[in-house]
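# please find the sequence and the predicted model below.
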Amino acid sequence: MTQLPLHVLAVVGSLNRTSSTRSVINHVAQQMKGPGVEVDVLDLLEEPLSLFNPDSSHQAESFAALQARVQQADVYLLGTPDYHGSISSALKNFLDHFWREFAGKLFATIVASHEKGLTVTDQLRTVARQCYAWSLPYGVSFADHVDVKDGQIISEAMQVRLGMLARDARIYRELLARQRPADLAGTDPGFMARWRGAS
Ligand SMILES: Cc1cc2nc3c(=O)[nH]c(=O)nc-3n(C[C@H](O)[C@H](O)[C@H](O)COP(=O)(O)O)c2cc1C
């Protein structure tokens, strides 16, 4: 089987200038880059996104360009710190702007947490479900100063988990990327039927 081109949108969901989430997302982005794999990094500190407002958010001039980037992606590599057991407001705001674009695509999630980030991972899986997206059957979490220090990944276990995530995102997305266009073009009563004919 020929390899399909892979588009990854990696989202840095921390506005912290010295964010460990940013270090890890950039590390995985580099790891995933390769022949046939394009990684687009959306750092919400560098590219601030207006607070989602259903009445006006889609009218902003810059929105169409971002929407095209989200639409093009097959995999969403999402990074967020654990804030009060929840997704950061920056990442939640990004997610609120989209849903149709996520349908039938794949979420791979990374959480910076001192408490394994399980509730945050669950919330990201809930968002995926609500938007008819798939998610990897696990998320990666890490603790700053234990797994990541001064922008470097210092734990071998974390290196292994990130390698697994990068590999799984690539392989499982390939399966979805073949089925998604077939479902959109077909006539079967699958869940993608509702997006047939949508741009
Ligand atoms: C407002 C706020 C709330 C936080 N709540 C939690 C929490 O509930 N559980 C936790 O483990 N860490 C919590 N933290 C710590 C951050 O998740 C942790 O420092 C993380 O590594 C920050 O990621 P960053 O370096 O990418 O910004 C909180 C930090 C802030 C600023």
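Arrived safely.

# quick one, grab the pLDDT at the nearest residue to Ser141 once chain neighbours are set aside.
Among residues not flanking Ser141 along the chain, Gly117 sits closest, at 3.7 Å (Cβ to Cβ, 6 or more residues apart in numbering). Every residue, glycine included, has its C-beta placed from N, CA and C. Gly117 carries a pLDDT score of 96 in this model.

# is Gly117 in contact with Val111, as I believe?
Yes - between Gly117 and Val111 a contact is recorded at 3.2 Å, counting by Cβ atoms under 8 Å.

# overlap of the contact sets of the two?
Counting by Cβ atoms under 8 Å, 6 or more residues apart in numbering, the residues touching both Gly117 and Val111 are Asp82, Gly139, Ser141.

# so which of the residues you listed reach the ligand?
For the ligand, the contacts drawn from these by Cβ under 6 Å from any ligand atom are Asp82.

# and which of the shared contacts of Gly117 and Val111 is nearest the ligand?
Asp82 (4.0 Å; Cβ to the nearest ligand atom).

# tally of neighbours for the residue nearest to that closest one when sequence neighbours are not counted?
Leaving aside its sequence neighbours, Asp82 sits nearest to Ser113 (Cβ to Cβ, 6+ apart; 3.5 Å). Neighbour count for Ser113, taken as other Cβ atoms under 10 Å: 19.

# quick one, what contacts Ser113?
Listed by Cβ under 8 Å, 6+ apart, the contact partners of Ser113 are Pro81, Asp82, Val120, Ser141, Phe142, Ala143.

# quick one: the first one from the ligand, how far?
What it means is Pro81. Noted for Pro81: a distance of 3 Å to the ligand, by Cβ to the nearest ligand atom, to the nearest Å.
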